[in-house]
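Trainee: Give me a model of this one.
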Amino acid sequence: MSANDQGQRHRKPTLESTIEPTLRPTNLQLFAEEKTEKATPKKKQEIRKKGQVAKSAEIPTAFIMLFVFLLLFFIGGWLYERFVDIFTITYGEFLNWKLTEHSTAYIFQTLSLEATKVVAPMMLMSLFAGVLGNYIQVGFLFATDPLKMKPERINPIKGFKRIFSARALVEFLKSIFKISLISFVTFTLLWSKRHDILQLSQKDVGHGLSYIGGLTLQIGLIVSVMLLFIAAMDYIYQRYDFEKQNKMSKKDIKDEHKKTEGDPLIKSKIKERQRQMAMKRMMQEVPKADVVITNPTHYAIAIQYDEEEMDAPTVIAKGQDQVAMRIKAMAEEHRITTMENKPLARTLYQQVEIGEVVPEELYQTVAEVLAYVYRLKGKV
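Mentor: Prediction:
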């Protein structure tokens, strides 16, 4: 064995020789598919039409509870009198009546009317508060898409995923927190009034009902305000979760832009077609010109003047380079006079658009050109 072979055999491996570079192909398209961008106004409008909006179910509930207890605060005395009237009529008058067909109908109608007087204000206030709670979140929205029958809604697999999702966990924790908070506040208030509550047995019925009604109203208002605070926090979370679920990838935004603005390739073809049509219309006007003013190679401007129909000479066609060559060729074909005037041609090309009249400061120069053309044609 040679010394060279022994050296190679006992040579220690280097760091570079032990680590082999591993190059893994990376699909850059995956980065374009990541939902990292906020939803565009167009997508927000589309999902809104489907009835999908960011809203909290806690806000209408809190509004209903707060508004109803506020109503009780203002008309509680009147409602108390209505309850007293119902008991007075029932036990003081109807109890001694003989039940007949007519008396039964009258009793039913009377008690129904008195009960409606008690219930109707609270029902109307609940309806108003529920509508207001939804309106301040999403405004006016009428969508029929949520009412449609969709098979995926009865899919047990998707239903299982919804039950054990992160959103379901948040809703569960929110419910536990809400119940715990309401229970704590209610217990604290009742515990602070325990001595007064225990002494109610020594008071008359009217005083007891009044005290219990006031305490209930106090608890209801405090709990309503706390629920409103929880609802506001929940609404912030619902908006965050809604925006997160409706995020778009860069590819989605690009595709939407294509649908909205059109494919760039198609748009360029349309613009090219429009330019061709405009060019064709312009070239059709060249035979009507009285003179074509040239640069001589870079610009060509066709001017027409009809003293009976026009107030001033009008540029009916203009072009640069190849277009200018086409204008001059068509002018030669239709025996239209072509004149070389570099300053005038450059000025007209830069300042006057097709269909516009010649500026006043160029009247004299253009008039001299037209006069020369008319002399050549024997019109003057």
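Trainee: where does the stretch 101-250 of the chain have low pLDDT?
Mentor: Under the criterion pLDDT under 70, the flagged ranges of the stretch 101-250 of the chain are 143-164.
Trainee: can you rerun that using 80?
Mentor: With pLDDT under 80 as the threshold, the stretch 101-250 of the chain has low-confidence stretches at 141-168, 170, 205-206, 249-250.
Trainee: What ranges does it have for its helices?
Mentor: Here the stretch 101-250 of the chain has its helices, by DSSP state H, counting those that start in this stretch, at 101-138, 156-163, 166-192, 194-198, 205-245, 250-261.
Trainee: So which of these is nearest E307?
Mentor: Distances from E307 to each of the helices of the stretch 101-250 of the chain were compared by C-beta to C-beta, and the smallest falls on helix 250-261, at 46.9 Å. (Each C-beta comes from the backbone N, C-alpha and C, glycine too.)
Trainee: Show me the contact partners of whichever helix or strand comes after the closest one.
Mentor: Note on helix 250-261: by DSSP states H and E, the next helix or strand toward the C-terminus is helix 264-285. Counting contacts by C-beta atoms under 8 Å, 6 or more residues apart in numbering, the residues outside helix 264-285 that touch it are 258, 261-262, 302, 304, 316-317, 319, 323, 326-327, 330, 354.
Trainee: Tell me the gap between helix 264-285 and the middle of its chain.
Mentor: Centroid separation between helix 264-285 and its chain, computed with C-alpha atoms, centre = their mean, to the nearest Å, is 36 Å.
Trainee: which outside residues touch stretch 64-84?
Mentor: Stretch 64-84 is touched from outside by 114, 117-118, 121-122, 125-126, 128-130, 133, 209-210, 213, 217, 220-221, 223-225, 227-228, with contacts defined as C-beta under 8 Å, 6+ apart.
Trainee: from the chain's centre, how far out does stretch 227-243 sit?
Mentor: Relative to its parent chain, stretch 227-243 has a centroid offset of 19 Å by C-alpha atoms, centre = their mean.
Trainee: same thing with stretch 251-271?
Mentor: Stretch 251-271 has its C-alpha centroid displaced from the chain centroid by 21 Å (C-alpha atoms, centre = their mean).
Trainee: distance between the ends of it?
Mentor: Using C-alpha to C-alpha, to the nearest Å, the end-to-end distance of stretch 251-271 comes out at 25 Å.
Trainee: contact partners of stretch 190-198?
Mentor: Defining contact as C-beta under 8 Å, 6+ apart, one finds that stretch 190-198 is touched by 211, 215, 219.
Trainee: end-to-end on it?
Mentor: 11 Å.
Trainee: Contacts only, for K247.
Mentor: Shown in contact with K247 (C-beta under 8 Å, 6+ apart): 35-39.
Trainee: Pick out the most distant pair among those.
Mentor: Of all pairs drawn from these, the widest gap by C-beta to C-beta lies between T36 and A39 and measures 11.7 Å.
Trainee: Would you map out the domains in the protein?
Mentor: Residue ranges for each domain of the chain read 53-245, 270-377, as given by automatic domain parsing.
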